[in-house]
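J.: Please work out how this folds:
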Amino acid sequence: MDMIEVRAQVTGTLEQVWDCFTNPLHITGWNFASDDWHCPKAESILEEGGKFCYTMAAKDGSMSFDYWGHFRKIEPHGLLEFSLGEDLGESRWVCVEFKELPNGEGIEIVERFVPEDQNPLDMQRMGWQMILDNFKKYCESL
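T.: From the prediction side, this is the model:
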């Protein structure tokens, strides 16, 4: 199956953007798609083979789920590759690239992921883009 791609251009240094994306203290501030959701818990062992687990929850308590997986490849300030859920193979795989733009224009983040088979592709693309847009908003507010 083809991968879905979302992207954002974030104002800041590569170090700042990387830290906001990978540090659990920051992840709780942006890892949700809309204002009626939040990320009350984030844990991460940022090393190849390390596990991460982020809880996404509706603020009204009606729903929550854990988004978790294992880091497969890490190039600090450049690349994250991880698998999602119990599948440690390639079927639910995500690649996140961080690229410094010329002339101080910020950092481009490109996320590519293998979609799941329970929701329409457009809905998945929109959800991931909303989370990445929320990341941009959070990171630029610091």
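
J.: so how far is the biggest helix by length in the chain off the chain centroid?
T.: In terms of residue count, the longest helix belonging to the chain (DSSP state H) is helix 121-141. Per C-alpha atoms, centre = their mean, to the nearest Å, the displacement of helix 121-141 from the mean C-alpha position of its chain is 9 Å.

J.: What is it packed up against?
T.: In terms of contacts (3 or more C-beta pairs under 8 Å, 6 or more residues apart in numbering; DSSP states H and E), helix 121-141 is packed against strand 4-10, helix 14-22, strand 107-113. Where C-beta positions appear, they are placed from N, C-alpha and C, glycine not excepted.

J.: what's that helix in contact with?
T.: Outside helix 121-141, the residues that touch it by C-beta atoms under 8 Å, 6 or more residues apart in numbering are 4, 6-12, 16-17, 20-21, 26, 29-34, 109, 111, 113, 115-116.

J.: Is there a quick ChimeraX command that grabs whichever of these are buried?
T.: Per 16 or more other C-beta atoms under 10 Å, the buried members of these correspond to this ChimeraX selection:
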select :4,6,8,10,12,16,17,20,21,26,29,30,31,32,33,109,111,113,115
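
J.: longest strand in this structure, by residue count?
T.: In the chain, assigned by DSSP state E, the strand with the most residues is strand 64-75.

J.: Now mean pLDDT too, for the helices and strands packed on helix 121-141, in JSON lines please.
T.: Listed next are these as JSON lines, based on pLDDT from 0 to 100:
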{"stretch": "strand 4-10", "mean pLDDT": "98"}
{"stretch": "helix 14-22", "mean pLDDT": "98"}
{"stretch": "strand 107-113", "mean pLDDT": "98"}
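
J.: how about the ones you listed in TSV, adding distance to Gly78?
T.: Shown next, in TSV, are these (distance: least, C-beta to C-beta, whole Å):
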stretch	distance to Gly78
strand 4-10	15
helix 14-22	8
strand 107-113	11
